[in-house]
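[1] quick one, structure for this:
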Amino acid sequence: MLQSAVADDVFLALSSSTRRQILEQLSGGPATVSELAAPFDMKLPSFVQHLSVLERSRLVTSTKQGRVRTYEIAPEQLKVAEDWLTERRRVWESRFDRFDAYVLQLKAKESDS
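    Numbers count the residues shown, from 1 in each chain. Reported below is the predicted structural model:
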C-alpha cells in the first residue's frame, strides 16, 4: 500500500506539464526559485505550489541559504515511475505474445482444413 501511495505522488507530480518542465530545467543542475520561475507566466505563489508538489513527491529537494531557496532534482525517485511502467509493459508484451501465438494457431488450423 505504501508503494502505491508513493507511485501516486510521483505520477501526480508528473501529470503537470509545468512540473515536468521544472524537472527538465533541474536536469541541467540546481536552480533557485527565481531561476526556475523565470520562464513561466504565473505569479510566484502559484509557481511555488508546483515546487511543493514536486518536493512532496520527493522528485526534488531544496536547501535554503539565507533568503535563497535552491532546488535540485532527485532522480532516484523517478525509478518508482519507471518500475511501474516497466511492469505494465511486461504484462502487455506477454498478452500480445499470447495473442500472436493464438492467431498463428488459428491460421495453422485454417490451412490444415
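[2] contacting residues for the residue positioned nearest the centre of the chain?
    Nearest to the geometric centre of the chain sits Leu14, at 4.5 Å (CA atoms, centre = their mean). Residues near Leu14 by CB atoms under 8 Å, 6 or more residues apart in numbering: 20, 23, 59, 81. Heads up, the C-betas are built off the backbone N, CA and C, glycines and all.
[3] how does it look with 7 Å?
    20, 81 (CB atoms under 7 Å, 6 or more residues apart in numbering).
[4] the one 3 residues further on now?
    Applying CB under 7 Å, 6+ apart to Ser17 gives no contacts.
[5] now do it against His50, distance only.
    Using CB to CB, to the nearest Å, Ser17 is found at 10 Å from His50.
[6] do Ala81 as well
    Distance from Ala81 to His50, by CB to CB: 17 Å.
[7] quick one: which of the two has more around it?
    Ranked by neighbour count (other CB atoms under 10 Å), Ala81 and His50 place His50 first, with 19 against 16.
[8] next, give phi and psi for that one.
    Per-residue torsions, His50: phi -60, psi -40 (degrees, to the nearest 10).
[9] what segments of this structure are helices?
    2-14, 17-26, 33-37, 44-56, 78-112 (DSSP state H).
[10] for Arg69, find the nearest of the ones you listed.
    Among the helices of the chain, the nearest to Arg69 by CB to CB is helix 33-37 (5.3 Å).
[11] list the contacts of the residue lying closest to Leu59 once chain neighbours are set aside.
    Spatial nearest neighbour of Leu59, excluding adjacent residues (CB to CB, 6 or more residues apart in numbering): Gln77 at 5.0 Å. Taking CB under 7 Å, 6+ apart as the criterion, Gln77 is in contact with 10, 57-59.
[12] out of the residues you listed, what pair is the most spread apart?
    Most distant of the contacts of Gln77, by CB to CB, are Val10 and Arg58, 8.0 Å apart.
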